[in-house]
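Structure, please.
(chains A, B and C)
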Amino acid sequence: MRKASQKKKLNSIYLKLFASFGPQHWWPAKTPFEVMVGAILTQNTNWANVEKAIAQLKQHKVLAPKRIYHLSTSKLARLIKSVGYYNIKAKRLKTFLKFLFDHYKGQPEKMSRVSGQKLRLELLSINGIGPETADSILLYALQKPLFVIDAYTRRIMVRHGFIAEDSSYQDVQNLFMQNLKKEVKLFNEYHALLVRLGKEFCLKRRPLCKRCPLK
DNA sequence: GACCAGGCACATC
DNA sequence: GATGTGCATGGT
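Numbering: from 1, shown residues only, chains lettered A, B, ... in the order given. Below is the predicted model:
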């Protein structure tokens, strides 16, 4: 696909999605810290299961940096059971909290002052945080313009011929970041809309492209 | 009962 | 560097 036409197509897809679905109001969380926790909990997991775990954390009044930092990994694992992979995710949350206290005094808002690219490298160096989780935290919790690439986004872009199936995370992210205005609001809404489209029309084995709004 | 869900790390070749 | 596997619950 030619570059100029890529830019046009990507922008027109956004407009079509927004026209069909409207604003998605992402990320569904009250505070930046809640976004960060949710980003780790949602790894390869249905969001509904994450909501249950967040509710558990709130109910036990531990959805705060200090509280999770001091909670035992086993207690934390019990509270987040509904997300699946609860042992590994409890460990990942604790590792992230240690980073937050070691580098930012346990205050998520202190991260905002650092540049997006520097933060990205820091986050990626944490065990349990890969590119999608890092970018979700950067975009949705810290308002840094990084485009989030998830399984839906990749599948949609492959099916529409923008990228090859074996493209790397960086390849796909570059496609968006080099062709769109680097605006937090646009990146936020666009990714949320792609997930919405994916959920309804672009399932793994069942492409329901007939009524797809992109057609 | 199979398939899927807003991934990531690690072992092995 | 690429490919495979473990991690695990809950909805459809």
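
interface residues of chain A facing DNA strand C?
A:44-46, A:48-49, A:52, A:81-89, A:166 (Cβ under 7 Å from any atom of the strand). Where C-beta positions appear, they are placed from N, C-alpha and C, glycine not excepted.

Can I have the buried ones of those residues as a PyMOL selection?
The following PyMOL line selects those of the residues of chain A next to DNA strand C that are buried, judged by 16 or more other Cβ atoms under 10 Å:
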select buried, chain A and resi 49+82+83+84+86+89
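
Lowest-confidence member of the residues of chain A next to DNA strand C, which is it?
Within the residues of chain A next to DNA strand C, residue A:166 has the lowest pLDDT, namely 90.

Would you verify that that residue is located in a strand?
No - with DSSP: H, G, I helix; E, B strand; the rest coil as the criterion, residue A:166 is coil rather than part of a strand.

Over to it: give its phi and psi.
phi -100, psi 20 (degrees, to the nearest 10).

Helices - which of the residues of chain A next to DNA strand C land there?
A:48, A:49, A:52, A:86, A:87, A:88, A:89 (DSSP state H).

Go ahead and confirm the third one touches residue A:84.
No - in this structure, residue A:52 sits apart from residue A:84 without contact. The criterion is Cβ atoms under 8 Å, and the distance is 11.1 Å.

Against which helices or strands is the helix or strand hosting residue A:96 packed?
Take DSSP states H and E as the rule and residue A:96 turns out to sit in helix A:86-104. Here helix A:86-104 is seen to pack against helix A:32-41, helix A:65-70, helix A:73-79, helix A:108-111 when contacts are counted using 3 or more Cβ pairs under 8 Å, 6 or more residues apart in numbering; DSSP states H and E.

most tightly surrounded among those?
Most buried of those by mean neighbour count (mean count of other Cβ atoms under 10 Å) is helix A:32-41; its value is a mean of 23.

Just the CA coordinates for that one, please, in PDB.
Output of helix A:32-41 as PDB, limited to C-alpha atoms (Å, rounded to 0.1, in the frame of the first residue of the first chain):
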ATOM      1  CA  PRO A  32      -4.300   6.600  36.800                       C
ATOM      2  CA  PHE A  33      -3.300   3.900  39.400                       C
ATOM      3  CA  GLU A  34      -6.500   2.000  38.700                       C
ATOM      4  CA  VAL A  35      -5.600   2.100  35.000                       C
ATOM      5  CA  MET A  36      -2.100   0.700  35.700                       C
ATOM      6  CA  VAL A  37      -3.500  -2.200  37.800                       C
ATOM      7  CA  GLY A  38      -6.100  -2.900  35.200                       C
ATOM      8  CA  ALA A  39      -3.500  -2.900  32.400                       C
ATOM      9  CA  ILE A  40      -1.600  -5.700  34.100                       C
ATOM     10  CA  LEU A  41      -4.700  -7.700  35.100                       C
END
